[in-house]
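Student: Provided below are the primary sequence and the corresponding predicted coordinates.
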Amino acid sequence: MTQGATIEPSRPLHDEYRRKRSVLEQTRRRAVILFLLLPSSIGVIGLFLLPVIAVVFISFTKWDLFTPPSFVGWGNYKTIFADGHFVHSLLVTAYYVLLAVPLQVAVSLGLAVLVNRSLPGTGFVKVLWVLPWLATPVAMAVVWTWFFDPDPHFGVVNALLGLLGVTGPAWLSSSNLALPVIAATHIWQHAGYSMLFFIAGLSSIPKQLYESAAVDGASGIQQFFRITLPLLNPTMMFVLVTGVIGSFQVFDTVYVLTGGGPGQSTKVANIAIYQEAFTSFHFGQGAAMSVIMFLVILLFTGVQFAFFRNRTTYEMV
């Protein structure tokens, strides 16, 4: 061995050193990832997971907030279905969803198709339709209460009908009209928000597809149903899923406009849960209603995902 020569480690020792170094690097990387995820994980666990577990536990108890809870098993669920009032509120909610969501999707898609063209004033139209979504539902409900006031001296809608010689009805006091009015409020406030997603979906469709279809003689309507709608399936799925979930969870708009009346014509599920838990102080039954509501929303969401599973294209070549 010559003077100053370095001693090279044997091959097995070198491989073992590289392996340990790789394991150490992976451990450090995982530690950094866990550290960065810790704040959001605490939020998810503390604000979502633990409350869900607590609600499920409370649903099996009889509790009025003032006395210790007592375990009753499935008693709350049996009482809910035997009583029938919550089942009625679920039907009212389903009717509200059928009124609000399809029209919201149709209006927002139509607006997106119109403003997606390079026409003057489209930017202003986008802002104008998004503004209602930026306001709180309670504030919008107060405004709509004024709009649909039955007195033509105060209610804008009946005042306009009066100019046409038509006597407007008491919109929010009619068991047949109150829920459609609430659905119209929802559509007006959320159509602009859904429109933004449809605009994003439309902008991702290659223009060459429309040009090729026009060369083949396809009309505008044929292009819409054969190109636009199929390629908008990912956006359509997102808008429908979020729209159905949001409509099933409606509360504040109904609470301000009608409070669940007249009678029980607008008593949606969340109104029933609120009254059962915070008016009657039957927290066990209110929690059981919440669990049932969660399962209903989960079922509808699963059906929508199953419907779009083989109809959605995410890549356009």
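Tutor: Yep, that arrived. Numbers count the residues shown, from 1 in each chain.

Student: From here on, just use CA atoms for contacts and neighbour counts.
Tutor: Will do.

Student: so Met293 makes contact with Ile271?
Tutor: No - using Cα atoms under 8 Å, Met293 makes no contact with Ile271, being 11.9 Å away.

Student: Flag the shaky bits of this structure, pLDDT-wise.
Tutor: Along the chain, segments meeting pLDDT under 70 span 1-15, 17, 312-317.

Student: at 80 what do you get?
Tutor: By pLDDT under 80, the low-scoring segments of the chain are 1-23, 117-122, 310-317.

Student: okay, which residue is most central for it?
Tutor: Thr242 (3.0 Å; Cα atoms, centre = their mean).

Student: and that residue, how far is that from Val101?
Tutor: Separation of Thr242 from Val101 (Cα to Cα, to the nearest Å): 10 Å.

Student: before we move on, what about Val113?
Tutor: Taking Cα to Cα, one finds Val113 at 18 Å from Val101.

Student: more neighbours, those two?
Tutor: Comparing Val113 with Val101 by other Cα atoms under 10 Å, the one with more neighbours is Val101, at 25 against 15.

Student: what kind of secondary structure is the nearest residue in space to the more buried one that is not next to it in sequence in?
Tutor: Spatial nearest neighbour of Val101, excluding adjacent residues (Cα to Cα, 6 or more residues apart in numbering): Gly243 at 6.1 Å. Classification of Gly243 by DSSP: H, G, I helix; E, B strand; the rest coil places it in helix.

Student: Please shift the residue numbers so they start at 804 in all later answers.
Tutor: I'll keep to 804 as the first residue from here, and by that count the last item is Gly1046.

Student: Going by neighbour count, list what's buried in the helix or strand hosting Arg832.
Tutor: Using DSSP states H and E, Arg832 sits within helix 814-847. Across helix 814-847, burial judged by 16 or more other Cα atoms under 10 Å covers no residue at all.

Student: From the chain's centroid, how far away is it?
Tutor: 37 Å (Cα atoms, centre = their mean, to the nearest Å).

Student: next SSE after it?
Tutor: helix 853-861.

Student: what's that next one in contact with?
Tutor: With Cα atoms under 8 Å, 6 or more residues apart in numbering as the test, helix 853-861 has contacts from Pro872, Phe1086, Gly1087, Ala1090, Ala1091, Ser1093, Val1094.

Student: count of residues packed around Gly1105?
Tutor: Gly1105 - counted by other Cα under 10 Å - has 12 other residues nearby.
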